[in-house]
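Colleague: got a predicted structure here, sequence first:
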Number of protein chains: 2
Amino acid sequence: MDVTLAAGSAWTDPACPVARTVDLIGDRWSLLIIRDAMDGATSFTEFHQRLGIARNILTDRLRKLVEHGILDKSAATDGRRHTYRLTGAGQDLFTAVVALRQWGERHAFAPDEPHSILVDDQGRELPELHPLGQDGTPLSAEASHVRRTA
Amino acid sequence: MDVTLAAGSAWTDPACPVARTVDLIGDRWSLLIIRDAMDGATSFTEFHQRLGIARNILTDRLRKLVEHGILDKSAATDGRRHTYRLTGAGQDLFTAVVALRQWGERHAFAPDEPHSILVDDQGRELPELHPLGQDGTPLSAEASHVRRTA
DNA sequence: TCGAATAGGTTGCATTTTGCAACTTATTGG
DNA sequence: CCAATAAGTTGCAAAATGCAACCTATTCGA
């Protein structure tokens, strides 16, 4: 198993997991495609209609997400359609999507502005996500640091 | 208090917190600037050297991050330098950065490839972050859904 | 005190990415 | 077998990004 970006292109910062993730899904559309896949979208047309993305760009992004092991492409029972499904790695982005969503809820809306919310099976809003230290208390950026590998 | 994107530009999906967050920090560089700010970078030159970003683009991104209330710009004691610091909203992106980092650690490296890691004050690696349901068990994308606002 | 170095830009131009609209191919339902 | 649907592809225009040279204000050192 190995992970690659694209022929002829290099990682922005090869040793940093944040930078690699941004290289893979940090453009204007990929994360929104993933968001809609998590919300049930599976076909080219569905993604196109929900996002209003240019068709050639959608083609390119779906292809790259498949290449990177985030989406899986298969033929649907209707021979015209293709089915795009999140792989395990794609589903594992749920945590990151929730973290970005919760930040947006807290900081990207005026107090009175309405916005969609994420709820569980019982319709209850999700609790806020925060990194915890070993002792179970919330951990801040200042209380942590990056250890660079040799 | 109100939140705006930029003169003459519109939100990709105004009601979705994920989309708004992507509109604010979802380009090739902003999140890496924030990552380095969390790791102690404060000056134009520091960001430039760590990232290898084009100077005019760095100027633009720092200005936008300040505009969006994620960074704060002030004069340093050395009259030549400026100091960029994360605001509260900027520090609050820590959760999202950790989530993206942990996904990258799990899925963007070959098993034997070295990468930097995030540790706490005692040098211990951070526990994995996962959304939990009200009952405290991990919640998956399938067990949740978006409720659209009127 | 004055010239060189540092810090933080700006400007012009080339390259790359993105977006739009029209066209293409394959499948399907009536 | 014809019209509609699905999933693209293609050509061209517009916008974003990147590079290198230039500019201005501080500060340091001889």
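Modeller: Arrived safely.

Colleague: which residues does the residue positioned nearest the centre of chain A contact?
Modeller: With distances taken as Cα atoms, centre = their mean, the residue of chain A nearest its centroid is A:Leu31 (4.1 Å). Contact analysis of A:Leu31 by Cβ atoms under 8 Å, 6 or more residues apart in numbering or on different chains lists A:Ile25, A:Val97, A:Leu100, B:Val18, B:Val22, B:Gly26. From N, CA and C alone the C-beta is placed, and that goes for glycine too.

Colleague: separation between the last one and DNA strand D?
Modeller: If you measure B:Gly26 against DNA strand D using Cβ to the nearest atom of the strand, to the nearest Å, the figure is 10 Å.

Colleague: coming back round to it: can you give me phi and psi for the residue nearest to the centre of chain A?
Modeller: Phi and psi for A:Leu31, reported as degrees, to the nearest 10, are phi -70, psi -30.

Colleague: which among the contacts of A:Leu31 count as buried?
Modeller: The neighbour-count test (16 or more other Cβ atoms under 10 Å in any protein chain shown) marks A:Ile25, A:Val97, A:Leu100, B:Val18, B:Val22, B:Gly26 as buried among the contacts of A:Leu31.

Colleague: nearest residue to the third one in space, please, no chain neighbours.
Modeller: If you skip the residues right next to it in sequence, A:Leu100 has B:Thr21 as its closest partner in space, 4.6 Å away by Cβ to Cβ, 6 or more residues apart in numbering or on different chains.

Colleague: the one you found reaches A:Gly104, doesn't it?
Modeller: Yes: with contact defined as Cβ atoms under 8 Å, B:Thr21 reaches A:Gly104; the gap is 3.9 Å.

Colleague: number of nearby residues for the residue in chain A that DNA strand C sits nearest to?
Modeller: Closest residue of chain A to DNA strand C, Cβ to the nearest atom of the strand: A:Gly79 (2.3 Å). Number of residues near A:Gly79 (other Cβ atoms under 10 Å in any protein chain shown) recorded here: 7.

Colleague: ditto for A:Glu142
Modeller: For A:Glu142, the count of nearby residues is 12 (other Cβ under 10 Å).

Colleague: distance of it from DNA strand D?
Modeller: From A:Glu142 to DNA strand D the distance is 27 Å (Cβ to the nearest atom of the strand).

Colleague: equivalent analysis for A:Ile57, please.
Modeller: Separation of A:Ile57 from DNA strand D (Cβ to the nearest atom of the strand) stands at 9 Å.

Colleague: show me how far stretch A:6-23 is from its chain's centre.
Modeller: Relative to the chain's own centre, stretch A:6-23 is displaced by 16 Å; criterion: Cα atoms, centre = their mean, to the nearest Å.

Colleague: just the CA atoms of it, as CSV, please.
Modeller: Extracted in CSV, the C-alpha atoms of stretch A:6-23 (Å, rounded to 0.1, in the frame of the first residue of the first chain):
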residue,chain,number,x,y,z
ALA,A,6,-0.6,12.8,-8.9
ALA,A,7,2.0,12.2,-11.7
GLY,A,8,4.3,15.2,-11.9
SER,A,9,3.2,16.9,-8.7
ALA,A,10,4.8,16.9,-5.3
TRP,A,11,3.5,17.1,-1.7
THR,A,12,3.5,20.7,-0.3
ASP,A,13,5.1,19.4,2.9
PRO,A,14,5.8,15.7,2.7
ALA,A,15,6.2,14.9,6.4
CYS,A,16,3.2,16.8,7.6
PRO,A,17,-0.1,15.0,7.8
VAL,A,18,-2.1,18.2,7.8
ALA,A,19,-0.4,19.3,4.6
ARG,A,20,-0.9,15.9,2.9
THR,A,21,-4.6,16.0,3.8
VAL,A,22,-4.9,19.5,2.3
ASP,A,23,-3.1,18.3,-0.8
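
Colleague: what would the contacts of A:Leu31 look like in TSV with secondary structure?
Modeller: Shown next, in TSV, are the contacts of A:Leu31 (DSSP: H, G, I helix; E, B strand; the rest coil):
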residue	secondary structure
A:Ile25	helix
A:Val97	helix
A:Leu100	helix
B:Val18	helix
B:Val22	helix
B:Gly26	coil
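
Colleague: of the residues you listed, closest to DNA strand D?
Modeller: B:Gly26 (9.5 Å).

Colleague: surely the closest one touches A:Trp29?
Modeller: No: using Cβ under 8 Å as the test, B:Gly26 is too far from A:Trp29 to be in contact (9.1 Å).

Colleague: quick one, grab the pLDDT at A:Arg85.
Modeller: Looking at A:Arg85, its pLDDT is 98.

Colleague: separation between the residue nearest to A:Leu100 and B:Ser74?
Modeller: 25 Å (Cβ to Cβ, to the nearest Å).
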